[in-house]
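> Just to be clear, the model below is a prediction. Sequence and coordinates:
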Amino acid sequence: MSRMLGQRVRQFGEKLVRRQPLEPREESEIPTLHLNTLNLVLFGVNTPKARIYILAGAMAVYVAGPAVIVSFLLVALFAVLCAFCFAEFGARVPRSGSVYLYSYVTMGQLYAFITGWTLILHLGVATAYLTRAWSYNFDSLIGNHISQKLEGMFSEHMPSFLAPYPDFVALALVLLMAGLLILGVHDSALVRKVSAGCNVLVLSFMILSGFIKGDLHNWQLTEQDYKLATSGSSDSYSLGPLGSGGFVPFGFEGILQGAAMPFYSFLGLNAIVTAGKETPNPQRSIPWSLGIFISSCFLAYSGVTAALTLMVPYYQIHPYSPLPQAFHHVGWAPAGYLVAVVILCALLYSLHVVMLTMSRLICAMVEDGLLFRGLGKTYARRGTPIVAILVSATLSGILAVLFEIFHLVELMSIGALLSYFLVTFSVLILRYQPDQNFSKKEKAEEEIEMEPIVGASPLESVPEAGTSNPLKSLCDPISTTPTLKSGQIVYGCTFLLVLLLTILSLLLALWPSRVFSGDPGFTAGAVLLLLLIAGITAIIWRQPQNTSPLPFRVPALPVLPVLSIFLNVYLMMQMSSVTWAQFGIWNAMGLAIYFGYGIRHSPEEKSDPQQQRSVSRLWMNTPLMLNPLKQSK
């Protein structure tokens, strides 16, 4: 009985970490090396950035004030760390795809499900956020008549953790976009170029307007200015909190919380890494393109927020329609209406891309057996995944109707931070593992070659170096190449490292004053945690690394990934308890689906090559946010 139980437990564990092999590609599917650094930068820049039009106002009013510029600087520096990790993670898989596909090929089934489930939440919340933002801007354009009517009807009956009123305009927009997707309406190269051009024009015009109509006094506001603004204001939306006034009204905590929220705006680095496989010199092109892309994003975002907070006092910024209202505030009403129309169009395009990406991610997980088969049902006449589109629209519609836009931003940000945490964690693990064959053909050949060895006597096997002294193998391993044992040591040390970093982040997020003021208990605890983290990092550093050639490798391992993991965890700790509760409920639902359905219905091997290749074709048709290769050809 004990042997049978042990065998079942082993089979269960093997299924959790089973990797999906890749089908060998045909000659026609192999990309040509024709891209340069400029092409990669354009791939990232073309990723929809319309969400920043709304986020800048909400962050300035409620989170950081004018110091939101510093928040964007911290986000840019943090994005560089994540971008390097993402580049190596994508370079390990000789196929273009998404984070979900890379996770399944390199880390295994459970890891891939968690990654895909997190991305579904992120894309669903992004859809709700975009539709709610579109509704706010449309309502502002027509004089706020819709919000005033709905708020008067429902505000008294809505709980405090939900929006003041259900946004039926946002729900109608989600359903309309779902109908267009079911009918097979897709974007074109011309639409992408026009959308990118409009975004650049709006951002440039906003920054230029800030230099012309801005007032430096708006970065030095006092309580007297706030009282004057309050007495002369009739718009309830314009009365945000004052804080302590000045450039940093909400302190350093506000800057850190602001840094945790806009990280999803740097999603274009995903497209750059994916397209980097088509460059003749990825080791040079990928870092340069990532650096240029992140720098351009920082300049654009910080320039818009600087112009916005110079034109309008931060507590008077409209949190949901900041740019058009800023032009009304300085007396440029025609410019405000024009910018509002352009923003509405940009939000529609972003909404289309996000909903299309979400439905295709669901279909990919359905084909892998991790989600219910019924979700993959297609519309016969158009060939579109009708059930996946309707499910994603239903989820997004419920979120858009019930939740305030600020809560949606937090939930979206925590999903993005967890996704990049998983990527960084994977890079740290995989660098210290023995060589892995991701191709299905190579894996089969390797199994055939190993067949005679399987039948050999256990006494004839060569013992692994360093097994006689486990403590010595931690700091002074004999082998210069990764072994199964050294890989297991890195696995265990990395999990322990994440636990210690989480505890340290909780201390710094909940009791920062006690830690830095010299409180004996908290300060000693933080120092002890830092010493343990440094010791475990040293153990990982002493283990042999895999020297297999890659198009890109993260420098300064393991320090850079450890720093990235710490920043990820620390920024996630800046989120509210309500956001964590919602995120926990979503993950609990996902794990229930996986252990109740996915683990039993995911096939051991895909027997039909056409079915396996259909996943690749699915992702080759995915829009630029996750896979830019189709657009580059």
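Ah, there it is. None of the values given here were measured: they were computed from a predicted structure. Numbers count the residues shown, from 1 in each chain.
> mind checking how far the closest residue to residue 382 other than its chain neighbours is from residue 363?
Residue nearest to residue 382 in three dimensions, not counting chain neighbours: residue 184, with 4.1 Å by Cβ to Cβ, 6 or more residues apart in numbering. No exception for glycine: its C-beta is placed from N, CA and C like everyone else's. Going from residue 184 to residue 363 by Cβ to Cβ, to the nearest Å gives 14 Å.
> I'd like the distance between the residue nearest to residue 382 and residue 64.
43 Å.
> that older thread, residue 184 and residue 363: which is more packed in?
Per other Cβ atoms under 10 Å, whichever of residue 184 and residue 363 has more neighbours is residue 363, with 24 against 11.
> which parts of the helix or strand encompassing the more buried one are buried?
If you go by DSSP states H and E, residue 363 is part of helix 333-367. Within helix 333-367, the residues that count as buried by 16 or more other Cβ atoms under 10 Å are 335-336, 339-340, 342-367.
> Just to be sure, residue 370 is in a helix?
No. Under DSSP: H, G, I helix; E, B strand; the rest coil, residue 370 falls outside any helix and is assigned coil.
> could you measure it against residue 391, distance?
The spacing between residue 370 and residue 391, counted by Cβ to Cβ, is 14 Å.
> out of these two, which sits in the busier spot?
residue 370 (25 against 21).
> tell me, what residue is most central in this structure?
Most central residue of the chain, judged by C-alpha distance to the mean C-alpha position with Cα atoms, centre = their mean, is residue 416 at 2.6 Å.
> Report pLDDT for that residue.
For residue 416, the model assigns a pLDDT of 84.
> And what about residue 18, helix, strand or coil?
Quick answer, by three-state DSSP: residue 18 is coil.
> what's the spacing between it and residue 109?
To residue 109, residue 18 is 5 Å away according to Cβ to Cβ.
> And for residue 344?
Separation of residue 344 from residue 109 (Cβ to Cβ): 42 Å.
> Please apply the same query to residue 66.
47 Å.
> Kindly report the same for residue 229.
Residue 229 is 56 Å from residue 109, where distance means Cβ to Cβ.
> between the two, who's got more neighbours?
Between residue 229 and residue 109, residue 109 has the larger neighbour count (other Cβ under 10 Å), namely 23 against 16.
> what does the model give that one for pLDDT?
For residue 109, pLDDT reads 90.
> That one is in contact with residue 602, isn't it?
Yes. Residue 109 is within contact range of residue 602, at 6.2 Å (criterion: Cβ atoms under 8 Å).
> Tell me the residues that contact both of these two, please.
Counting by Cβ atoms under 8 Å, 6 or more residues apart in numbering, the shared contacts of residue 109 and residue 602 are 15, 370.
> any weak-confidence spans in the stretch 301-450 of the chain?
Along the stretch 301-450 of the chain, segments meeting pLDDT under 70 span 380, 436-450.
> where does residue 133 land in three-state SS?
Of the three states, residue 133 takes helix under three-state DSSP.
> Residue 57 falls within a helix, correct?
Yes. Residue 57 forms part of a helix when assessed by three-state DSSP.
> and the gap between it and residue 257?
From residue 57 to residue 257 the distance is 16 Å (Cβ to Cβ).
> now residue 522
In terms of Cβ to Cβ, residue 522 sits 21 Å off from residue 257.
> out of those two, which sits in the more crowded spot?
Counting neighbours by other Cβ under 10 Å for residue 522 and for residue 257 shows that residue 257 has the greater number, 22 against 19.
> tell me which element that one is part of?
For residue 257, the host element (DSSP H and E) is helix 251-260.
> and if you look at residue 171?
Under the criterion of DSSP H and E, residue 171 resides in helix 168-182.
> Helix 333-367 and the helix or strand following that helix, what's the angle between them?
Sequence-wise, the next helix or strand downstream of helix 168-182 (DSSP H and E) is helix 189-213. Orientation check (axes from the mean of the first three to the mean of the last three Cα atoms, to 10 degrees): helix 189-213 against helix 333-367 gives 140 degrees.
> Tell me which residues of the helix or strand following helix 189-213 come out buried.
Along the chain past helix 189-213, the next helix or strand (assigned with DSSP H and E) turns out to be helix 223-231. For helix 223-231, the neighbour count (16+ other Cβ under 10 Å) marks 225-226, 229 as buried.
> so for helix 223-231, what's the average pLDDT?
83.
> Distance from that helix to the middle of the chain?
Going by Cα atoms, centre = their mean, to the nearest Å, the spacing between the C-alpha centre of helix 223-231 and its chain's C-alpha centre is 39 Å.
> ditto for stretch 241-250
On Cα atoms, centre = their mean, the centre of stretch 241-250 falls 30 Å from the chain's centre.
> How far does that stretch stretch from one end to the other?
Terminal residues of stretch 241-250 are spaced 9 Å apart (Cα to Cα, to the nearest Å).
> phi, psi of residue 371?
Dihedral pair for residue 371: phi -120, psi 170, per degrees, to the nearest 10.
> contacting residues around the closest residue to residue 593 other than its chain neighbours?
Once flanking residues are discounted, residue 593 sits nearest to residue 371: 7.0 Å by Cβ to Cβ, 6+ apart. By Cβ under 8 Å, 6+ apart, the contact set of residue 371 is 362, 365, 593, 597-598.
> Can you add distance to residue 302 and give these back as CSV?
Shown next, in CSV, are these (distance: Cβ to Cβ, whole Å):
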residue, distance to residue 302
362, 35
365, 37
593, 41
597, 45
598, 42
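> what's the burial count for the residue lying closest to residue 362 once chain neighbours are set aside?
Counting by Cβ to Cβ, 6+ apart, residue 362 lies nearest to residue 388, which is 4.2 Å off, once chain neighbours are set aside. Number of residues near residue 388 (other Cβ under 10 Å) recorded here: 25.
> returning to what we had before: in the helix holding residue 171, which residues are buried?
Using 16+ other Cβ under 10 Å as the test for burial, helix 168-182 gives 169-171, 173-175, 177-178, 181-182.
> can you map out the helices along the stretch 301-450 of the chain?
Secondary structure of the stretch 301-450 of the chain by DSSP state H, counting those that start in this stretch: the helices cover 322-329, 333-367, 386-402, 405-430, 440-454.
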